[in-house]
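1. coordinates only, no sequence provided:
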């Protein structure tokens, strides 16, 4: 199926670390604040004239400089981010809120300070956000304190009104925006969805790297275009991708060219989690802290392995997927172990699963294509065998 | 045939140690011949532990005097500690708690419970006894899908449990220390054993008051958890006793460090490193720890007062960053004999000066929390980079090191991610940095000879030195020793 023209708008935003919407917002004296991980609350970075930009590193071909600092055995996502930073790719950022989500990204964030990134901006700051791995009340308290510390750093640097009222307003706007996206995300549950996985992936990734208010009209245009469109029928298997950072529309297109339909995205930059509503009543900091720690599906979270696996299986059924692609980044310790913990449980649930290790950038295309082809064939074969035996498929 | 030590006194020490080894083994096996025979069938790593007498020979080749005495003392006590741990888990599993190596054991011991640390068996003792004994576990878990590039320290422990080679216990206490691999490994261990587990979350800002409060509160939860799981109650008097012993051994440790900082350090290399890890941190506060420290300290002090050099020709004072290689634990012996390099201090043992204020349960728990925050490796693998660098450079300054040896274990992401900055900072200060790239437990990735070559190249090209014994530059030890 031909890609919608309306999607091109979002695709264009993903070609470089910055984009024309960020430039336009900066020209309006708005301040982009970078962040590295899902657990950094976006509403906190959306107060007043701030807007959040999730760090990406599109177009990085090699990581020579970052390899010197981080070594070549760190995950290529962190290395690509640092490479982009060292070569001036994030010159537009007013600061960085870097969660200590994993050791790779923490060290990467620390190097923004060590190497004096954006030194020409006196207000540029790097804050390593204390992000607990448990959701016990005392840890929520710790998280709240550091979110408040982050707010005070931003208020000092950029004279932004970071009051509770302003933060509550940002949470409301965040929820409204997500509700709009959720309507599109739900289309993927249909047997013949009107939006492909690669299109949705472009949309989702773009919403994380541009000011949301500038995306409202393009999203409305997209919704209208989707209403006119017929459902996708020419796919061989609905798949779910599970894993860490994944913001590579090319790779999704490659999967879909082989007959897969990415129906469910359980990865960073995806919508599971990502579109849940944040409670609006009560203390906004409490709400943010509880929400982000509770919804985080990363293996960094302690004592949640069983819940993660259960959620994975639940989503697989909800989105009626035929198989799961467990897509990890090489050298990622957390997801490396998670694979061992998850795969057995998923297989026991009767869902086909394949594990593929990749680099952050678009590399190893041939091998990736072959493995996806083989996986789809194995799913088809399984479904065919089930049909012969008279069993209900899925 | 045991190699002659060069003089009758040292030969007698060596022979006495060898006899004591067998004495310890008999003491361990005699009361439980049937139980241990069954364990042999169930847990194949037990066979590896039988190779223990080879361990001391490997480490003490051409070692004499005070250093030989400390080696013998260390190995005898490692054996005693290991056999005690095995006896606890085999014959008293309901009273035994599996505890990750970064969690202080004093709380568990104060509750009258026994401790089993899988890392002690699988990644400390086993490679010390037979450097290839851990390969089977690395291969096993890699074949099951775990990436072979994750830290082998955590990977082997998880693999042994995953392979059903870890005896059951009452429950598990784990933590997110020292790194993500350690945390993830214990998630797998818990799933494999199916035991109740308490997971301690040590915050990123672990050294400030808020961070320490969190650790203290986590340790409080550990007590509640253990009370619920085992029915035992916290005995604060016993905790006081353990803390007081820790204070005594820490005093001795600090005095030992002063001696090692001097121009004529009495002991270098493997024994002080092992001593610091096992009896200052992990098994700190026990009667055995006090006994080991007293004996060790007496040997060191006597040698120091007589101005005795630990090795024949101590030419270079060196500090080691990162864990010294476990698949080549006797590397210290080669460094000393081939190049005259004496390792005075290492990252794991550096700064462990916790004072346990025993005036109340709260003050004791504060100190235990602090000791956990400052646990070996953990204090460098989390938190800000400033602390990492200040320790890295401070250690070299404190010990007036001729150079720093950075053991770049490829699985240690935290340290590897500081590689560039470490180069830059040492260059600024004109401190030579010897970088040794290797894999902590796997000589198939970087061989022992590969490690030696990296060091020899550095010594010749950067330091401009020639070896004391050129016949040791290339040794055929691919098959262990």
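-> That came in fine, so what should we check first? Nothing here was measured: the structure is a model prediction, and the numbers come from that model.
2. C-alpha only now, for contacts and for neighbours.
-> Fine.
3. residue B:242 reaches residue B:289, doesn't it?
-> No. Counting by Cα atoms under 8 Å, residue B:242 does not reach residue B:289; the two are 10.1 Å apart.
4. for the helix or strand residue B:214 falls within, buried residues please.
-> Secondary structure from DSSP states H and E places residue B:214 in helix B:209-230. In terms of neighbour count (16 or more other Cα atoms under 10 Å in any protein chain shown), helix B:209-230 has its buried residues at B:211-219, B:222-223, B:225-226, B:229-230.
5. also stretch B:252-271?
-> B:252-253, B:256-257, B:259-261, B:264-271.
6. looking at the residues you listed, which are in helices?
-> Judged by DSSP state H, these include B:252, B:253, B:256, B:257, B:259, B:260, B:261, B:270, B:271 as members of helices.
7. residue contacts, the third one?
-> Okay, so that is residue B:256. With contact set as Cα atoms under 8 Å, 6 or more residues apart in numbering or on different chains, residue B:256 has these partners: B:297, B:300, B:301.
8. show me which positions of the helix or strand encompassing the second one end up buried.
-> Secondary structure assignment for residue B:300, by DSSP H and E: helix B:287-305. Judged by neighbour count using 16+ other Cα under 10 Å, the buried positions of helix B:287-305 are B:289, B:290, B:292, B:293, B:296, B:297, B:299, B:300, B:301, B:303, B:304.
9. shouldn't the fourth one be in contact with residue B:250?
-> No. With contacts counted by Cα under 8 Å, residue B:293 stays clear of residue B:250, the gap being 9.1 Å.
10. what parts of chain A come near chain B?
-> A:68-71, A:73-74, A:100, A:102-104, A:107-108, A:110, A:130-134, A:138-139, A:142, A:299-300, A:302-303, A:305, A:331-334, A:336-341 (Cα under 8 Å from any Cα of the partner chain).
11. now a PyMOL select for only the buried ones of those.
-> Buried members of those can be picked out in PyMOL with the line below, counting by 16+ other Cα under 10 Å:
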select buried, chain A and resi 68+69+70+71+73+74+100+102+103+104+107+108+110+130+131+132+133+134+139+142+299+300+302+303+305+331+332+333+334+336+337+338+339+340+341
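12. among the residues of chain A next to chain B, which are located in helices?
-> Using DSSP H, the residues of chain A next to chain B in helices are A:68-70, A:103-104, A:107-108, A:110, A:138-139, A:142, A:305, A:333-334, A:336-341.
13. pLDDT below threshold where in chain A?
-> A:391-394 (pLDDT under 70).
14. switch to 90 and redo it
-> A:1-5, A:59, A:61, A:303, A:361-365, A:382-394 (pLDDT under 90).
15. which secondary structure element of chain B has the lowest mean pLDDT?
-> Taking mean pLDDT, DSSP states H and E as the measure, chain B has helix B:52-59 as its least confident helix or strand, at a mean of 80.
16. okay, and the beta partners of the closest residue to residue A:197 other than its chain neighbours?
-> Distances taken as Cα to Cα, 6 or more residues apart in numbering or on different chains place residue A:262 nearest to residue A:197, at 4.3 Å, with adjacent residues excluded. Beta bridges link residue A:262 to residue A:239, judged by DSSP bridges.
17. next, count neighbours for residue A:262.
-> Neighbours of residue A:262 under the rule other Cα atoms under 10 Å in any protein chain shown: 28.
18. separation between it and residue A:245?
-> To residue A:245, residue A:262 is 16 Å away according to Cα to Cα, to the nearest Å.
19. what's the answer for residue B:81, then?
-> In this view, residue B:81 and residue A:245 are 44 Å apart by Cα to Cα.
20. ok, the two, which is more surrounded?
-> Remark: of residue B:81 and residue A:245, residue A:245 carries more neighbours, 20 against 17, as counted by other Cα under 10 Å.
21. got the contact list for that one?
-> Residues near residue A:245 by Cα under 8 Å, 6+ apart: A:77, A:267, A:268, A:269, A:329, A:360.
22. for these, which one is nearest chain B?
-> Using Cα to the nearest Cα, residue A:329 comes nearest to chain B of the contacts of residue A:245, at 10.5 Å.
23. which residue packs closest to the spatially most central residue of chain B, ignoring adjacent ones?
-> Closest residue to the average C-alpha location of chain B: residue B:277 at 4.5 Å, with Cα atoms, centre = their mean. Residue nearest to residue B:277 in three dimensions, not counting chain neighbours: residue B:349, with 6.3 Å by Cα to Cα, 6+ apart.
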